[in-house]
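# sequence and predicted structure below; questions after.
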Amino acid sequence: YRMKNRPHVFFIAAMGPGEIGQGMAFARYALARGNLVYFSVPGKHYFPLINLRSNKFKKVLIKNSVDLKDKIKKYRPDALILCNSKIFSWDNKFFHSPPRPLPPTVSIDSNWLFHPKSPYKSNPWIHRYCLNFPKPIFKLGLKKYGGHYVIPNQILKKIKVVGLVPSYRPLPQKQKKKN
């Protein structure tokens, strides 16, 4: 979606290769619609994984949660996309003190976040969790259906199971038929 007379600004924060793949899928989608994208990672060694050619796409290095919050404040995005909400969840500076001002925040996550033995916590200030796997898998993972996950109601209300987020480029029809 777009605001009148200006593109949206998205700030994507990712931790590692898997999350970068998810973020790249979202970045391509946002860029194709004329939006601006800032893509942050916690190390320069990840920069080769986030190679998009667009003057509306900027790579951002983040060192820790304080740096991430400073960058969010600097770029003032219309939306914050956390590719894996555990990003700095072990750091109470991020978990208990969200970025200010807090833009609408989406986390692309998976079920392990809600496992009772997980050392990570879901950030309570996230507006929406988009879980990255099929709905039947999500349902089977819930404790009430025989799984291990017990998700508090206040978090469950924020969850949207979106299915798998492809981070690759689809094969052209000719290539599919050829194989």
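Nice, thanks for sending it over.
# which residue is nearest the middle of the protein?
C83 (2.4 Å; CA atoms, centre = their mean).
# that residue and A25 touch, don't they?
No: if you go by CB atoms under 8 Å, C83 and A25 don't touch, sitting 9.6 Å apart. C-beta: built from backbone N, CA, C; applies to glycine.
# ok so, going back, give the contact list for the residue nearest to the centre of the chain.
C83 makes contact with 12-15, 19-20, 22-23, 26, 107-108, according to CB atoms under 8 Å, 6 or more residues apart in numbering.
# how close does L140 sit to P98?
In this view, L140 and P98 are 32 Å apart by CB to CB, to the nearest Å.
# tell me which of these two has more neighbours.
P98 (17 against 13; other CB atoms under 10 Å).
# from N92, how far out is that one?
Here P98 is placed at a distance of 12 Å from N92 (CB to CB).
# what segments of the protein are helices?
Here the chain has its helices, by DSSP state H, at 17-32, 65-75, 92-95, 135-141, 153-156, 173-178.
# any low-confidence regions in the chain?
The model of the chain has pLDDT under 70 over residues 1-5, 85, 88-91, 110-116, 119-121, 165-171, 176, 178-179.
# all strands for it, in order.
Taking DSSP state E to define them, one finds strands in the chain at 9-14, 36-41, 57-61, 79-83, 105-109, 128-131, 159-161.
# I'd like these as JSON lines, with distance to P48 appended.
As requested, the strands of the chain are exported to JSON lines (distance: least, CB to CB, whole Å):
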{"stretch": "strand 9-14", "distance to P48": "14"}
{"stretch": "strand 36-41", "distance to P48": "10"}
{"stretch": "strand 57-61", "distance to P48": "10"}
{"stretch": "strand 79-83", "distance to P48": "17"}
{"stretch": "strand 105-109", "distance to P48": "21"}
{"stretch": "strand 128-131", "distance to P48": "26"}
{"stretch": "strand 159-161", "distance to P48": "31"}
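# closest to H148 out of the ones you listed?
In terms of CB to CB, the element of these nearest to H148 is strand 128-131, at 14.9 Å.
# parallel or antiparallel, which strands does the closest one pair with?
strand 105-109 (parallel), strand 159-161 (parallel) (DSSP bridges).
# just name the most buried of these.
With neighbours taken as mean count of other CB atoms under 10 Å, the strands paired with strand 128-131 reach their highest mean count in strand 105-109, at a mean of 23.
# and K86, how many residues sit next to it?
Residues lying near K86 (other CB under 10 Å) number 20.
# cool, and L156?
Other residues close to L156 by other CB under 10 Å number 12.
# I'd like the numbering to begin with 47 instead of 1 from here.
Noted, 47 is the first residue going forward, which turns the last one into L202.
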